[in-house]
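[1] missing the sequence, but the structure's below:
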């Protein structure tokens with residue numbers, strides 16, 4: 001009985017500790033953005049600003065040092081473009097890997113898993129050469145969009161393949177009896193049921209592209225077309241760094257990510273848990 005009582009409060013307490021450890025960097029990011037430069041370097045550090053300093057945020061909105069709205073636009077174009085490409089390609093690929101048996105199916109799945117382990121710096125040079133030969137390097141978003149799509153497709157395929165494999169085969173058999181072919185069954189029955197898994201794949205494809213810095217700096221030649229993440233360099237000086245402006249910039253840039261998880265967390269949890277039933 002005592003063990004049950006201990007476990008009833010021990011696991012939630014451990015969960016709170018783990019969540020606090022993961023959220024502390026975000027808390028410190030936000031708190032530091034409201035401090036003055038003098039208070040940031042004070043020892044011992046203050047856990048909350050003595051006086052709220054809003055100038056760092058006003059400078060973000062005034063576009064005096066960096067046009068943050070332009071950065072948001074560029075990141076949105078890149079993120080939604082990569083999301084569309086990776087989702088459209090990953091859905092039929094994952095369905096084929098989950099439902100059809102053909103030679104090399106497991107090798108293809110293993111290849112998708114291996115590509116997720118490769119760092120961006122390793123594939124940067126071959127990607128640059130290939131995109132340059134296609135004429136997609138320079139004043140264009142397409143090189144960065146395609147590069148980010150290649151990062152999102154493997155995760156989407158692995159996630160959706162597991163989700164499609166967890167769906168009962170009786171659905172397809174019933175549709176076949178009713179006269180539906182494979183394309184009709186896929187479009188009208190399987191995809192609507194797999195919406196939670198599709199949403200998870202879309203969210204993570206969006207996040208991969210939204211947080212990208214390497215591809216945006218490498219494949220886009222014009223500075224005013226680079227993504228939001230590239231704007232951090234405007235606050236990193238040669239001799240000093242404006243830390244409160246840097247932290248304010250980071251706080252503003254993660255707002256879309258927070259809103260995504262707040263409004264569609266139900267679909268994300270459902271997609272991740274349902275897809276874990278069957279491998």
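    On my side now, so go ahead. Bear in mind that the values here come from a model prediction, so they are computed numbers and not experimental data.
[2] rest of the way, CA atoms for contacts and neighbours
    Noted.
[3] quick one, helices of the chain?
    Defined through DSSP state H, the helices belonging to the chain, from first to last, are 2-33, 37-40, 55-62, 68-99, 105-117, 120-133, 142-166, 170-177, 182-185, 191-193, 195-210, 214-219, 243-253, 255-274.
[4] In a markdown table: these, plus mean neighbour count.
    Conversion of these to a markdown table gives the following (neighbours: other CA atoms under 10 Å):
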| stretch | mean neighbour count |
| --- | --- |
| helix 2-33 | 13 |
| helix 37-40 | 14 |
| helix 55-62 | 16 |
| helix 68-99 | 20 |
| helix 105-117 | 13 |
| helix 120-133 | 13 |
| helix 142-166 | 24 |
| helix 170-177 | 13 |
| helix 182-185 | 13 |
| helix 191-193 | 14 |
| helix 195-210 | 23 |
| helix 214-219 | 20 |
| helix 243-253 | 22 |
| helix 255-274 | 14 |
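[5] Lowest average pLDDT across those?
    Per-segment mean pLDDT for the helices of the chain reaches its minimum on helix 255-274, at a mean of 72.
[6] Out of the helices of the chain, which gets nearest to residue 225?
    Nearest to residue 225 among the helices of the chain is helix 68-99 (5.9 Å), distances taken as CA to CA.
[7] export the helices of the chain to CSV and tack on distance to residue 228?
    Listed next are the helices of the chain as CSV, based on distance: least, CA to CA, whole Å:
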stretch, distance to residue 228
helix 2-33, 17
helix 37-40, 24
helix 55-62, 12
helix 68-99, 4
helix 105-117, 24
helix 120-133, 18
helix 142-166, 13
helix 170-177, 44
helix 182-185, 39
helix 191-193, 33
helix 195-210, 8
helix 214-219, 9
helix 243-253, 7
helix 255-274, 12
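[8] Quick one: closest of those to residue 231.
    Taking CA to CA as the measure, the helices of the chain were each checked against residue 231, and helix 68-99 came out nearest at 7.2 Å.
[9] just checking, what packs against the closest one?
    helix 142-166, helix 195-210 (3 or more CA pairs under 8 Å, 6 or more residues apart in numbering; DSSP states H and E).
[10] let's see it at 10 Å
    Helices and strands in packing contact with helix 68-99 are listed as helix 55-62, helix 105-117, helix 142-166, helix 191-193, helix 195-210, helix 214-219, helix 243-253; criterion 3 or more CA pairs under 10 Å, 6 or more residues apart in numbering; DSSP states H and E.
[11] of the helices of the chain, which approaches residue 47 most closely?
    Each of the helices of the chain has some distance to residue 47 by CA to CA; the shortest is helix 2-33, at 7.7 Å.
[12] picking that back up, any chance of the helices and strands packed on helix 68-99 in TSV, plus distance to residue 185?
    Written out in TSV, the entries for these read as follows (distance: least, CA to CA, whole Å):
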stretch	distance to residue 185
helix 55-62	49
helix 105-117	21
helix 142-166	13
helix 191-193	9
helix 195-210	15
helix 214-219	38
helix 243-253	41
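[13] Spatially central residue in this structure, please.
    residue 207 (1.8 Å; CA atoms, centre = their mean).
[14] which residues touch that residue?
    The neighbourhood of residue 207, defined by CA atoms under 10 Å, 6 or more residues apart in numbering, consists of 79-80, 82-83, 148, 152, 201, 256-257, 260.
[15] can we see that at 8 Å?
    Shown in contact with residue 207 (CA atoms under 8 Å, 6 or more residues apart in numbering): 79, 257.
[16] how much space between it and residue 260?
    For residue 207, the distance to residue 260 (CA to CA, to the nearest Å) stands at 10 Å.
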